[in-house]
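1. need a 3D model of the sequence below.
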Amino acid sequence: MRPNRFYYNKKSLRFKEILWYYITMNFKRLKICFSIFLFIFIVIFLILFLKTWFITQKILVKNSNASAPGLLYLKDLQPENLEREGDGRINILLLGIPGGNWEGPELTDTIMVASLDPISSEVSLLSIPRDLWVPLGNGNWNKINAIYSIGGSELIKKTVSKILDTPIHYFVLIDFDGFKQVIDLLGGVKIKVEEDIYDPFFPDGKGGYELFYLQKGTYLMDGEIALKYVRSRHTSSDFSRAKRQQQLLLACKDRLLKLRNLLNPKKLVNILSILGDHLKTDLTLSEMIQLFELGKEIDITDIQSYVIDSSNFLYDDMIEGMYILRPRDGNFKLLQRFAHHFFQDSFIKNENALIALENGTNIVDLARIKADLESFGYNIIRVSNAEKLYPKTIIYDFTNGTKPFTLHYLKKRFNAEIRKGTEELNSFVDILIILGSDIKL
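-> All right, here's what the predicted structure looks like:
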């Protein structure tokens, strides 16, 4: 009888040889299993990658501006990275449009600037009324809610930046259907309704109206109710609606940042699929990830919000039978000063340089220039006339460069030379600005 092979090997081989025997016996099987696993993994990865890439190509729009320095450099931001005051913040224009088959599908129903300070993690929300009458840059004027339909994201960013005198780095646009579906996928939003809402003229999306009624109280709103809540205005006002839009945006913040929502593969794929059809932005994927990480540090109780309306900077008017809002001062200057203060630059605030302003010309309105500078947060402690006339503006630094951001901003603003301050010029200030005849009014 032929001897048993295993018995023969067991009797004749040492322990190491037996171990090697079993490894070589199973190596081919292990190699085949590993190859199958690797193949499946690569196929799944490629499917997810291609699907994500395809969806993002529908979402992403090329940014006509440079990326926000505050997002590009984060904590390593240097003065030379910034163009002007406020450029260290991350300013995003949030737009909501009807889209689809709704009436006026590309008219912006929501216009809001969300500004994040990456240094302090503070967030400011500023709502702009859709009836604001704004210049288009070619001598023509129109309601701001029509600007996107006229010139797309580039024109609306440029227009908002101009009327606020504030850099707008990015935009995010979503339509009604996308808004509803994302809210539903996130499980709804918890909203406290401060007063009863009774709106018998809420648009039904079919050219008619329907009743929207909501009693005072706290609700977990689904997408349908949330959309009606932020759109209803006929028994309140556009300004009350803007406040509700800010309230809902803040309520969404915690939902969006919860890992159990964002890391659920099914929800993530569904959200991406929805966004692909209903959202546009010029944020890149890497910038979105950075914003998500910064968002984790935001304290919702520290978020400040404001609504521009006829009780502050605007007044009601009619033009050719159309209701519009105009700036009270006629040139948006008061609104711009408010925006400078509302979106205050942390670097100016933290350096808090003591600044003296002297007029070295015969024509400069010092009070106006002082007000403009103070709106940005500059600490102007003295204003006076210079002892002589100066052909060019000069900035004297008495800090040996220890206020780098303030000096950089002032140099850019006045296109001026910075000189080291001397003892005979100093009168207990950090910076002395002497305005010359080259100053642009």
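
2. shaky segments in the stretch 251-400 of the chain?
-> Low-confidence segments of the stretch 251-400 of the chain (pLDDT under 70): 254, 256-273.

3. just the strands in it please.
-> Secondary structure of the stretch 251-400 of the chain (DSSP state E, counting those that start in this stretch): strands at 279-281, 304-307, 314-319, 322-327, 354-359, 379-385, 394-397.

4. walk me through which strands the third one pairs with, and which way each runs.
-> Here strand 314-319 has these sheet partners by DSSP bridges: strand 322-327 (antiparallel).

5. and Pro199, how far is that from Tyr213?
-> That one is not Pro; residue 199 is Asp. According to Cβ to Cβ, to the nearest Å, Asp199 and Tyr213 sit 7 Å apart. (C-beta placed from N, C-alpha, C; glycine too.)

6. related to what we said a few turns ago, present the strands of the stretch 251-400 of the chain as TSV; the columns should include mean neighbour count.
-> Below are the strands of the stretch 251-400 of the chain laid out as TSV (neighbours: other Cβ atoms under 10 Å):
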stretch	mean neighbour count
strand 279-281	21
strand 304-307	17
strand 314-319	13
strand 322-327	17
strand 354-359	21
strand 379-385	15
strand 394-397	20
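
7. nearest to Gly421, of these?
-> Closest approach to Gly421 among the strands of the stretch 251-400 of the chain is made by strand 394-397 (4.1 Å; Cβ to Cβ).

8. what comes up buried for the helix or strand following that closest one?
-> Where DSSP states H and E defines the elements, the next helix or strand beyond strand 394-397 is helix 404-414. Buried residues in helix 404-414, defined by neighbour count with 16 or more other Cβ atoms under 10 Å: 405-411, 413-414.

9. over to stretch 337-346?
-> For stretch 337-346, burial by neighbour count (16+ other Cβ under 10 Å) applies to 337-340, 342-346.

10. how distant is that stretch from the center of its chain?
-> 15 Å (Cα atoms, centre = their mean, to the nearest Å).

11. contacting residues around that stretch?
-> When contacts are defined by Cβ atoms under 8 Å, 6 or more residues apart in numbering, stretch 337-346 is touched by residues 85-86, 88-89, 91, 113, 115, 117, 119-120, 124, 126, 164-166, 304, 306, 312-313, 371-372, 375-377, 405, 409.

12. if you set the cut-off to 7 Å instead, what comes out?
-> With Cβ atoms under 7 Å, 6 or more residues apart in numbering as the contact definition, stretch 337-346 has outside contacts at 85-86, 88-89, 91, 115, 117, 119-120, 124, 126, 164-166, 306, 313, 371-372, 375-377.

13. in the stretch 51-200 of the chain, which spans are strands?
-> 90-97, 110-117, 122-127, 133-135, 141-143, 170-175, 189-193, 197-203.

14. mind listing the strands the fifth one pairs with, and their directions?
-> Think strand 141-143. Sheet pairing for strand 141-143, assigned by DSSP bridges, gives strand 133-135 (antiparallel).

15. so which bits of the partner strand are buried?
-> Of the residues in strand 133-135, those buried (16+ other Cβ under 10 Å) are 133-134.

16. out of the contacts of stretch 337-346, name the ones that lie in helices.
-> Of those, the ones assigned to helices by DSSP state H are 164, 371-372, 375.

17. correct me, but Arg233 touches Lys243?
-> No. Using Cβ atoms under 7 Å, Arg233 makes no contact with Lys243, being 11.2 Å away.

18. so what's the spatially most central residue of the chain bridging to?
-> Centroid-nearest residue in the chain, with Cα atoms, centre = their mean: Ile92, separated by 2.5 Å. Under DSSP bridges, the beta-bridge partners of Ile92 are Ala114, Tyr170.

19. next up, the contacts around it.
-> Neighbour list for Ile92: 114, 169-172 [criterion: Cβ under 7 Å, 6+ apart].

20. how close does it sit to Met288?
-> From Ile92 over to Met288 the distance is 11 Å, taken as Cβ to Cβ.

21. next: Arg89.
-> Separation of Arg89 from Met288 (Cβ to Cβ) stands at 17 Å.

22. which one of the two is surrounded by more residues?
-> Counting neighbours by other Cβ atoms under 10 Å for Arg89 and for Met288 shows that Arg89 has the greater number, 27 against 16.

23. check whether the more buried one really touches Asp117, as I assumed.
-> Yes. Proximity of Arg89 to Asp117 meets the contact threshold set by Cβ under 7 Å, at 5.2 Å.

24. OK, contacts around Gly88?
-> Contact analysis of Gly88 by Cβ under 7 Å, 6+ apart lists 69-70, 77, 82, 345-347.
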